[in-house]
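*Asks:* this one's structure only:
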């Protein structure tokens with residue numbers, strides 16, 4: 001007596017066993033975990049709010065738009081991935097998802113790079129305008145730096161703070177327009193003092209610069225987060241199994257089509 005090995009009981013009923021070899025086999029897709037950066041398209045609005053009076057800055061607007069497009073593209077791709085056309089196999093579906101993912105990455109890279117370049121140029125311009133307003137100069141800069149470097153730390157901090165309060169462009173230019181070590185301070189301390197000077201003389205510009213710096217980091221992190229979703233969002237493992245099965249089927253079909261009498 002022969003037994004049907006292609007049958008099994010499912011829910012108390014006899015059914016054809018699914019060995020995963022059917023063209024219509026659909027395996028559960030891996031979960032796609034979006035990060036906080038990709039979960040909301042409101043990050044740009046938050047940064048613009050931080051910029052205060054200068055919220056409508058072109059570089060900040062471009063960053064907000066680039067991030068929004070990245071989030072929208074991610075959401076659309078996840079929706080497409082989870083909505084397979086019944087008329088297509090899972091392999092065909094995942095091939096299309098993978099193609100669309102590569103397109104999303106290419107577009108996001110271009111938009112992110114362009115926006116980050118614009119941000120860097122804008123930050124440089126904000127600093128230049130601020131320094132011009134205080135008449136930063138390199139006159140006697142080497143002598144001033146040497147004098148500041150020789151001061152005890154408490155005296156040095158007091159001297160620079162007084163220059164900041166007075167808006168003394170000659171001293172500030174000497175300290176900030178060269179490597180911080182030449183004035184006896186660390187790079188971190190110099191950055192803090194520079195922002196202190198901006199806060200004292202142009203707080204609006206400082207708010208904009210802070211928002212731009214955060215926007216730059218947001219774009220960098222969001223793009224990296226998008227790259228990290230590759231294997232999950234394209235179901236790479238499942239797709240490769242289907243591709244291997246498709247190749248095996250093609251080889252079998254090619255062999256069947258060949259003329260055995262010409263061997």
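*Replies:* Arrived safely. Just so we're clear, the structure is a prediction, and the values are computed from it rather than from any experiment. Numbers count the residues shown, from 1 in each chain.

*Asks:* for the protein, name the helix or strand with the lowest mean pLDDT.
*Replies:* strand 13-16 (a mean of 45; mean pLDDT, DSSP states H and E).

*Asks:* kindly list the longest helix within this structure.
*Replies:* helix 90-133 (DSSP state H).

*Asks:* would you map the helices across the stretch 101-250 of the chain?
*Replies:* 141-150, 153-166, 169-176, 187-201, 203-228, 230-233, 236-257 (DSSP state H, counting those that start in this stretch).

*Asks:* list the contacts of the shortest one.
*Replies:* Helix 230-233 is touched from outside by 30, 31, 32, 33, 77, 78, 81, 97, 101, 236, 237, with contacts defined as C-beta atoms under 8 Å, 6 or more residues apart in numbering. Where C-beta positions appear, they are placed from N, C-alpha and C, glycine not excepted.

*Asks:* rerun that using 7 Å as the cut-off
*Replies:* Contact with helix 230-233 is made by 30, 31, 32, 77, 78, 81, 101, as judged by C-beta atoms under 7 Å, 6 or more residues apart in numbering.

*Asks:* now the two most distant members of these.
*Replies:* Spanning the widest gap among the contacts of helix 230-233 are 31 and 101, at 16.0 Å by C-beta to C-beta.

*Asks:* wait, residue 215 sits on residue 47?
*Replies:* Yes - look at residue 215 against residue 47 with C-beta atoms under 7 Å: they come within range, at 5.1 Å.

*Asks:* compare those two (neighbour count), which wins?
*Replies:* Each of residue 215 and residue 47 has its neighbours counted (other C-beta atoms under 10 Å); residue 215 has more, 30 against 21.

*Asks:* which helices and strands sit right next to the longest helix of the chain?
*Replies:* Judged by 3 or more C-beta pairs under 7 Å, 6 or more residues apart in numbering; DSSP states H and E, helix 90-133 is in contact with helix 58-81, helix 203-228, helix 236-257.

*Asks:* circling back to that earlier point, now do the shared contacts for residue 215 and residue 47.
*Replies:* residue 60.

*Asks:* flag every buried residue along stretch 228-246.
*Replies:* Within stretch 228-246, the residues that count as buried by 16 or more other C-beta atoms under 10 Å are 229, 232, 233, 234, 235, 238, 239, 241, 242, 245.
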